[in-house]
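Visitor: the following comprises the amino acid sequence and a computationally predicted model.
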Amino acid sequence: MVKICCIGAGYVGGPTMAVIALKCPSIEVAVVDISVPRINAWNSDQLPIYEPGLEEVVKQCRGKNLFFSTDVEKHVREANIVFVSVNTPTKTQGLGAGKAADLTYWESAARMIADVSKSDKIVVEKSTVPVKTAEAIEKILMHNSRGINFQILSNPEFLAEGTAINDLFKPERVLIGGRETPEGMKAIKALKDVYAHWVPEDRILCTNLWSAEVSKLAANAFLAQRISSVNAMSALCEATGADVSQVSHAIGFDSRIGPKFLNASVGFGGSCFQKDILNLVYICECNGLPEVANYWKQVIKVNDYQKTRFVNRVVSSMFNTVSGKKIAILGFAFKKDTGDTRETPAIDVCKGLMGDKALLSIYDPQVPEEHIQRDLQMNKFDWDHPIHLQPTSPSTINQVIVASDAYEATKDSHGVCILTEWDEFKNLDYQKIYNNMQKPAFVFDGRNILDVEKLRKIGFIVYSIGKPLDKWLKDMPAVA
C-alpha cells in the first residue's frame, strides 16, 4: 500500500489530503502537525477550518484511510511520499525583511525528514515557496541522507478558499515539477499516478522544478494585478462619474481579457496574494531586476491605496470625524464562504477607523470574536506563523464590540461598512436597519453587492466603490 504523509494540517494540507484519501481508497493518508489543539480539532466534529463540503469529505474517510496525528516522525518514516505544507511567512527581521519568505519551518521539516527516514522518499513542496527552494531543500536532504535517496517535487496548490473542495475535485490543472533526470521523471510519474485516480491526464502538467515554483508565484501575481487594475479604475470612475461595474462588464466581453477578477472592491486579501508578490519582488531584486520588482510592487501599493481611500471616504463623509461614533462592520473574512481572515482588508480598514477613534461593532457569520480581537492586535506578518507561536492577545480592544448578528451590529450606528460579500448581507431588512440608526445614516459598500438606488430611497447616504457619487459625497471629497 502506498502511504502518503503531509506535514502541516492547515488550509492547504487538510483539504488536499482529505480529497486524495477520498479519491484514492487504496492509499493511506496521514496528516501530521505538532499542534495538539489543531489535530484534536481535525479528529472532532468541529474542524479547525471552515470550507464548504470539507466536513463531508473528512467524515467519509477519517479512520479508514485518512488519519490526523501529532506523531510526526512515525508517519514520515512510514511514508513513500511526504508532502510539506508548512508556514512560509514573510520575514520581519534580517536580510529581506518585509519581502523575503522565512523558510525556518521548511528547513526544520527537511532536517526532520532526513533524520527519521529509513527508506527512499519523494518529498513534495506544497507550501508556496520562493524559486530555488527545492534546490536548498535538496541540499539539506542530500547532506544528511545516510545513503537514502530523496527526490524533490514541486506541486503548488491553486485552491481558492470558499471553493477549495470543488477545486480539488475538478482542478483546472495539477502542476508537478521535478528534476529532468531518470530518477526525477520516475518521481513525477509516481505523484502523477496519485492524481490520475480522478484528474484527466491532459490536466496534469509536468515541468522542471523551477518552472513549477515560478508558475505559482506568477499565477497569484497575475490575479492580484487584475484586482489592483480594476480598483485603480474604480478611483477614476468616481472622479469622472463613470460606473466601474459597467466598465468591467464592457471590457470583460473582450475574450482576450475575460470577465473574471474584475469586481472592484475595498482590496484583495488572503494568505497568498500579498505574500507571493512581496516574495516575487525580493527574488527580482536579488537577481538584478529592479524594474521588474518595481512593476510588481505597484500592485501592492494600489491595494493599500484602495483601503486607505475607503477609510478616508468614511471619515470625510461624516463631517471629517468618526471619533466616538459607532460604525458597523459587516464582514471580517477576506472573502465570502470562508472563515479565513489572513490579510483581510477589514483589518486595515478597522485599524484606520480606530485611528480616528471610531467605535466598531463587527459581525461576520464565520469569524469568532477571539479571532477578530487577535487580528486587530497582531503585527503585520505574525499571522503566518504556527498558531502556538503567534503572540497571544493581551486583552480585548475597548473600541471593538463583536455582535451576534447584523441587526445588533448596526443598531444606533452612524454608518455601515460592507467589507465581505456574504450573501446574507444582500438580503437584510435595510429599512429596519435604517430605522434603528443615527441620522444621517451612511452605507459604505466595499464590495458593491447592494442595490444603491433602493438604499437611497430608504434614506441612506450611500458610497459604493467606483460608482457615481452621492451628492452628499461630492460635497465632501475624500482626501488622503
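Guide: All right, it came through fine. Just so we're clear, the structure is a prediction, and the values are computed from it rather than from any experiment.

Visitor: next helix or strand past whichever helix or strand residue 20 is part of?
Guide: Following DSSP states H and E, one finds residue 20 within helix 13-23. Counting by DSSP H and E, the element after helix 13-23 in chain order, helix or strand, is strand 28-32.

Visitor: what sits up against that next one?
Guide: Strand 28-32 is touched from outside by 1-9, 13-14, 17-18, 20-21, 39, 42, 61, 65-72, 75-76, 78-79, with contacts defined as CB atoms under 8 Å, 6 or more residues apart in numbering. Backbone N, C-alpha and C define where each C-beta goes, glycine included.

Visitor: take those and keep only those in strands.
Guide: 3, 4, 5, 6, 7, 66, 67, 68, 69 (DSSP state E).

Visitor: mind listing what the first one touches?
Guide: Counting by CB under 8 Å, 6+ apart, residue 3 makes contact with 27, 28, 29, 30, 75, 78, 79, 80, 81.

Visitor: the closest residue to residue 344 other than its chain neighbours: which element?
Guide: Of all residues beyond its chain neighbours, the one nearest residue 344 is residue 334 (3.8 Å), with distances taken as CB to CB, 6 or more residues apart in numbering. Remark: residue 334 resides in no helix or strand, with elements defined by DSSP H and E.

Visitor: residue 334 reaches residue 269, doesn't it?
Guide: Yes. With contact defined as CB atoms under 8 Å, residue 334 counts as touching residue 269 (3.2 Å).

Visitor: intersection of neighbour lists for the two?
Guide: 342, 343, 344, 345, 346.

Visitor: give me every residue that touches the fourth one.
Guide: Remark: with contacts taken as CB under 8 Å, 6+ apart, residue 345 is in contact with 265, 266, 267, 268, 269, 306, 307, 310, 334, 419, 446.

Visitor: for the stretch 351-480 of the chain, which segments count as strands?
Guide: Using DSSP state E, counting those that start in this stretch, the strands assigned to the stretch 351-480 of the chain run over residues 359-363, 400-402, 415-418, 442-445, 461-464.

Visitor: what's the most buried one of the ones you listed?
Guide: Sort these by mean neighbour count, taking mean count of other CB atoms under 10 Å, and strand 415-418 sits at the top with a mean of 28.

Visitor: quick one: mean pLDDT for that one?
Guide: On average, the pLDDT along strand 415-418 is 98.

Visitor: picking up where we left off before, for the residue nearest to residue 344, grab the count of nearby residues.
Guide: 26 (other CB atoms under 10 Å).

Visitor: which non-adjacent residue is nearest residue 167?
Guide: Here the residue nearest residue 167, using CB to CB, 6+ apart, is residue 159, at 4.9 Å.

Visitor: for residue 440, same thing?
Guide: Using CB to CB, 6+ apart, the closest residue to residue 440 is residue 461 (5.5 Å).
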